[in-house]
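**Q** got a sequence here, can you model it:
(one chain, ligands or ions: 2)
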Amino acid sequence: MSNPCLFCRIINGEIPAKKLYEDDEVFAFWDISPQAPTHFLVIPKKHLSGPGEMSAEDEALIGKVVRIGAQLARKNGVEQCRLVMNNGADAGQTVFHLHLHVLGGRTLSWPPG
Ligand code: 5GP
Ligand code: ZN
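**A** Residues are numbered from 1 along each chain as shown. Ligands and ions are numbered 1, 2, ... in the order given. Predicted coordinates for the structure are as follows:
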């Protein structure tokens with residue numbers, strides 16, 4: 001039976017995505033519905049539903065997700081960007097596999113809606 005998690009299925013190639021980066025622990029791909037000129041997602045290959053499911057042993061992995069996100073932004077010509085994780089449906093989370101949004105390429109307003 002296939003994995004029901006959309007992002008796990010993207011990682012294992014069952015669902016196509018425009019990949020930006022991959023190593024043994026981390027995967028990054030362009031968002032299908034970009035909210036800024038540059039908008040991609042960085043995810044751990046380990047399935048965690050969101051930041052709320054993290055344990056202490058995941059700290060280095062999620063730190064790496066953030067580092068890779070900032071590095072990929074710079075590599076794509078974006079020095080200033082927003083790195084954001086939505087944690088729970090009320091915060092806007094729709095896919096329950098932890099992901100870091102990296103948005104840039106325009107002036108971003110604050111606070112978000
Ligand atoms: P969330 O709202 O959970 O923080 O963010 C989920 C993100 O995943 C959204 O920005 C949405 O556009 C993106 N997304 C949803 N389905 C797909 C998909 O099949 N492919 C890609 N590349 N992005 C997706
Ligand atoms: Zn998953």
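**Q** mind telling me what element Val65 is part of?
**A** Taking DSSP states H and E as the criterion, Val65 maps to helix 59-75.
**Q** are that helix and ligand 1 in contact anywhere?
**A** No. Figure legend: helix 59-75 not in contact with ligand 1 (Cβ under 6 Å from any ligand atom); closest approach 13.6 Å. Glycine gets a C-beta too; all of them are placed from N, C-alpha and C.
**Q** quick check: mean pLDDT of that helix?
**A** If you average the pLDDT over helix 59-75, you get 98.
**Q** need the CA coordinates for that helix. PDB is fine.
**A** In PDB, the C-alpha atoms belonging to helix 59-75 read as follows (Å, rounded to 0.1, in the frame of the first residue of the first chain):
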ATOM      1  CA  GLU A  59      16.900  19.200  16.600                       C
ATOM      2  CA  ALA A  60      20.000  18.700  14.400                       C
ATOM      3  CA  LEU A  61      17.900  17.500  11.500                       C
ATOM      4  CA  ILE A  62      15.500  20.500  11.600                       C
ATOM      5  CA  GLY A  63      18.500  22.800  12.100                       C
ATOM      6  CA  LYS A  64      19.800  21.400   8.900                       C
ATOM      7  CA  VAL A  65      16.500  22.000   7.100                       C
ATOM      8  CA  VAL A  66      16.800  25.700   8.100                       C
ATOM      9  CA  ARG A  67      20.400  25.900   7.000                       C
ATOM     10  CA  ILE A  68      19.700  24.300   3.700                       C
ATOM     11  CA  GLY A  69      16.700  26.600   3.100                       C
ATOM     12  CA  ALA A  70      18.700  29.800   3.600                       C
ATOM     13  CA  GLN A  71      21.600  28.400   1.500                       C
ATOM     14  CA  LEU A  72      19.300  27.400  -1.400                       C
ATOM     15  CA  ALA A  73      17.600  30.900  -1.200                       C
ATOM     16  CA  ARG A  74      21.000  32.600  -1.600                       C
ATOM     17  CA  LYS A  75      21.900  30.100  -4.400                       C
END
